[in-house]
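S.K.: The amino acid sequence is not available; the structure is as follows:
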């Protein structure tokens, strides 16, 4: 099979080689998927920089979500069978024409469902589902802040929050994205390049505070979000987009920006900061991942969720696609389709 193999940390244009390698071997409970393509996630950028500690030793095949048809199963794979078209979360190995993954990390999709939308349902929409419904309990009228609200996970969180009847503050980095956030129903879009989200929200909600902050950025935005919480509020951190500064000083500044917390701070107002790593949930709690996937598919079928596709590139455009992702100009999911 062909695979885009990560062979070198550093610049994106020098990081990959397209190689012919053997198809992956299955373990019990796994399926082999002939992929139509694979999705890109911000963790890929960190892996390429050498800043993602879970990345396998080089040479490695990264990638966390694929769409395609099951061509082989091994052991107990539940109701999945050869010929099923699925969207699936891969624990690395996604940048390839064939991917092996746990059956619990797959969801059957319609044969004609758009690949780009299907690609968003696993890593991104399941992450949103876990953040929103597994570690949080929001109600009508609650106020939430969603960072990177125009991204894949951000769009999913907005759709879930609207369905729940929440008041939504959403940050983004351009006027174009502000217009997108307005179009999908965000009540208070904030361009963080022009406005300090902390000051904007503080002036609007006063002492009441936020009920939830969903943070894909990390660094000082976590500390600011925590300061905006009302009684019973939570900060859910599921990403580290601010960790792209590869200098030692930059990394230290970002880490220090998260802030330091004593348990008494949480006790005083019944608040919390919760970290989410959906790949680890998939590894150690496959039942939870399966529950999240099933819920996402149910919400998709009922019209609550509708993934936004940013762009689908072909496999010869991988470098361009990754730079597009890194630029933070994308709105929604970025995917790669293998050349026919």
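M.R.: Cool, the structure landed. Predicted model only: the values in this text are computed from it and were never measured.
S.K.: The closest residue to residue 270 other than its chain neighbours: which element?
M.R.: Using CB to CB, 6 or more residues apart in numbering and skipping the chain neighbours, the partner closest in space to residue 270 is residue 232 (4.9 Å). C-beta coordinates here come from the backbone N, C-alpha and C atoms, glycine included. Here residue 232, judged by DSSP states H and E, is contained in strand 229-237.
S.K.: any idea of the mean pLDDT in that strand?
M.R.: Averaged across strand 229-237, the pLDDT comes to 95.
S.K.: Contacts for that strand next, please.
M.R.: Strand 229-237 has contacts (CB atoms under 8 Å, 6 or more residues apart in numbering) with 131, 135-136, 143, 205, 207-215, 218, 222, 225-226, 269-276.
S.K.: ok, and for it, which residues are buried?
M.R.: 229-230, 233-237 (16 or more other CB atoms under 10 Å).
S.K.: Widest-spaced pair of these?
M.R.: Within these, two members stand farthest from each other by CB to CB: 230 and 237, at 18.1 Å.
S.K.: Of the buried residues of strand 229-237, which is the nearest to residue 116?
M.R.: Nearest member of the buried residues of strand 229-237 to residue 116, counting by CB to CB, is residue 236, at 26.0 Å.
S.K.: For residue 9, give me phi and psi.
M.R.: phi -80, psi 150 (degrees, to the nearest 10).
S.K.: any idea how far it is from residue 164?
M.R.: 41 Å (CB to CB, to the nearest Å).
S.K.: So between these two, which is more surrounded?
M.R.: For the pair residue 9 and residue 164, the greater number of neighbours falls to residue 164 (19 against 16), based on other CB atoms under 10 Å.
S.K.: Does the more buried one touch residue 137 like I think?
M.R.: No - assessed by CB atoms under 8 Å, residue 164 is found out of contact with residue 137, at 9.9 Å.
S.K.: Pull up the overlap in contacts between those two.
M.R.: In contact with both residue 164 and residue 137: no residue, using CB under 8 Å, 6+ apart.
S.K.: got the angle for the one helix or strand residue 204 maps to vs strand 229-237?
M.R.: Assigned by DSSP H and E, residue 204 belongs to helix 197-205. Relative orientation of helix 197-205 and strand 229-237, computed by axes from the mean of the first three to the mean of the last three CA atoms, to 10 degrees: 150 degrees.
S.K.: which residues touch the next helix or strand after helix 197-205?
M.R.: For helix 197-205, the succeeding helix or strand toward the C-terminus, using DSSP H and E, is strand 210-215. Residues outside strand 210-215 that contact it (CB under 8 Å, 6+ apart): 131-132, 136, 138, 142-147, 153-154, 157, 166, 169, 201, 221-222, 225-226, 228-230, 232-239.
S.K.: which residue ranges form the helices in the stretch 151-300 of the chain?
M.R.: 152-164, 175-183, 197-205, 220-228, 248-257, 263-269, 278-284, 286-301 (DSSP state H, counting those that start in this stretch).
S.K.: For those, could you give me a markdown table that also reports distance to residue 32?
M.R.: As requested, those are exported to a markdown table (distance: least, CB to CB, whole Å):
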| stretch | distance to residue 32 |
| --- | --- |
| helix 152-164 | 26 |
| helix 175-183 | 37 |
| helix 197-205 | 45 |
| helix 220-228 | 39 |
| helix 248-257 | 38 |
| helix 263-269 | 45 |
| helix 278-284 | 17 |
| helix 286-301 | 18 |
